[in-house]
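Colleague: Below is the sequence, then the predicted model.
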Amino acid sequence: MSVTVNDLSFSYKERRVLADVSFTARTGELLAVLGPNGVGKSTLFQCILGLLPYTEGEILLDGLDAKKLDIKETARRVAYIPQSHAPAFNFSVFDIILMGTSAQISDVNVPKKRQLELAEQSMERLGITHLKERGYLQISGGERQLVLIARALAQDARILVMDEPTSNLDYGNQLRILSQIKLLAREGYTVVLSTHSPDQAFMFADRVLALQGGRVVRHGRPFEVITDALIKDLYNVEVEIQSLYGGKARMCLPKSVIDT
Ligand SMILES: Nc1ncnc2c1ncn2[C@@H]1O[C@H](COP(=O)(O)OP(=O)(O)OP(=O)(O)O)[C@@H](O)[C@H]1O
């Protein structure tokens, strides 16, 4: 499953937010979208999910024009994973995951054997079966994020769109969740996620899409795209890119830390 965006532009009323955005995320690829607050990352994701009516450009989901797909057809291809949040009701973990299967429930609104199996399998896949009967409000932020990913897997869509999936998580859970996401990409899912951490992009992304002023300023492999000049351009922060482990890893070190 691939996502291809061609010359996409989007405006909220007369205010243009995205301009001529083009890229492809291929099967098995984890694409990290980088860019400052308000640059249009969530807007881009909502366009991919068919939630915003863009008028310029096109989005192809596995080669099919996203505009020609209805909500259920889109949901069978793309799943959305939001930031970990607390819903108003204390649904059980299993019920939350089962909600992901609604795109497969047709005439009668009752989950069938196939939906129950999908929910069970996705819990097993993420190692959270022991949480099944727990209330969603009574589990930790890291566990909630795993539940939201399990819900997306239960949806049985092969494209996963994630808006800052680790934003509310502690350091250990950030790494564990991103490792899980990377494994999913290796299993053949196509992952498009936003992050505010260039270091996360260095560690986990196959490709990086850098947005500035609603436009794509760089697109390519993390080592090629993430430079001190890009970080200065996106975030107005002076960094030095450090090469580690004989060039196998890289990280950004803000110069202000060294200078003070
Ligand atoms: N429903 C809306 N109506 C009008 N303007 C909006 C709407 N949603 C977002 N915007 C504006 O569009 C721009 C892009 O917002 P968006 O949420 O896509 O950015 P983002 O890159 O996801 O930001 P962040 O990193 O802070 O989450 C911002 O200037 C925002 O104020």
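Modeller: That came in fine, so what should we check first?
Colleague: Show me what Ala32 is bridged to.
Modeller: Per DSSP bridges, the residues bridged to Ala32 are Leu193, Val208.
Colleague: quick one: the strands in the stretch 151-260 of the chain?
Modeller: Assigned by DSSP state E, counting those that start in this stretch, the stretch 151-260 of the chain shows strands spanning 159-163, 190-194, 207-212, 215-220, 239-244, 249-254.
Colleague: Switch these over to JSON lines; also include mean neighbour count, distance to the ligand and mean pLDDT.
Modeller: Glycine gets a C-beta too; all of them are placed from N, C-alpha and C. Shown next, in JSON lines, are these (neighbours: other C-beta atoms under 10 Å; distance: least, C-beta to the nearest ligand atom, whole Å; pLDDT from 0 to 100):
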{"stretch": "strand 159-163", "mean neighbour count": "24", "distance to the ligand": "7", "mean pLDDT": "95"}
{"stretch": "strand 190-194", "mean neighbour count": "25", "distance to the ligand": "7", "mean pLDDT": "97"}
{"stretch": "strand 207-212", "mean neighbour count": "22", "distance to the ligand": "7", "mean pLDDT": "98"}
{"stretch": "strand 215-220", "mean neighbour count": "17", "distance to the ligand": "13", "mean pLDDT": "97"}
{"stretch": "strand 239-244", "mean neighbour count": "14", "distance to the ligand": "19", "mean pLDDT": "94"}
{"stretch": "strand 249-254", "mean neighbour count": "16", "distance to the ligand": "18", "mean pLDDT": "94"}
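Colleague: close enough to count as contact, Val33 and Leu44?
Modeller: Yes: at 7.0 Å, Val33 counts as touching Leu44 under the criterion of C-beta atoms under 8 Å.
Colleague: Common neighbours of the two, please.
Modeller: When contacts are counted by C-beta atoms under 8 Å, 6 or more residues apart in numbering, Val33 and Leu44 are jointly contacted by Leu211.
Colleague: circling back to that earlier point, export the strands of the stretch 151-260 of the chain to CSV and append columns for distance to Leu18.
Modeller: CSV is the format used below for those (distance: least, C-beta to C-beta, whole Å):
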stretch, distance to Leu18
strand 159-163, 15
strand 190-194, 13
strand 207-212, 8
strand 215-220, 8
strand 239-244, 26
strand 249-254, 26
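Colleague: Out of those strands, the one nearest Gln145 is which?
Modeller: strand 159-163 (9.5 Å; C-beta to C-beta).
Colleague: which outside residues touch the closest one?
Modeller: With C-beta under 8 Å, 6+ apart as the test, strand 159-163 has contacts from 1-3, 25, 41-42, 45, 48-49, 61-62, 77-83, 149, 152, 181, 184, 189-194.
Colleague: Then stretch 246-253?
Modeller: 198-199, 202-203, 222-223, 226, 231, 239-244.
Colleague: Same list, those residues, but as JSON lines with distance to Pro53 please.
Modeller: Formatted as JSON lines, the contacts of stretch 246-253 follow (distance: C-beta to C-beta, whole Å):
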{"residue": "Pro198", "distance to Pro53": "32"}
{"residue": "Asp199", "distance to Pro53": "36"}
{"residue": "Phe202", "distance to Pro53": "35"}
{"residue": "Met203", "distance to Pro53": "36"}
{"residue": "Pro222", "distance to Pro53": "33"}
{"residue": "Phe223", "distance to Pro53": "37"}
{"residue": "Ile226", "distance to Pro53": "33"}
{"residue": "Ile231", "distance to Pro53": "34"}
{"residue": "Val239", "distance to Pro53": "38"}
{"residue": "Glu240", "distance to Pro53": "43"}
{"residue": "Ile241", "distance to Pro53": "40"}
{"residue": "Gln242", "distance to Pro53": "44"}
{"residue": "Ser243", "distance to Pro53": "45"}
{"residue": "Leu244", "distance to Pro53": "45"}
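Colleague: got the residues of this structure near the ligand?
Modeller: Residues of the chain lying close to the ligand (C-beta under 6 Å from any ligand atom) are 12, 17, 35, 37-43.
Colleague: Mind picking the one among these that's closest to Leu209?
Modeller: For those, the nearest to Leu209 is Gly35 (8.3 Å; C-beta to C-beta).
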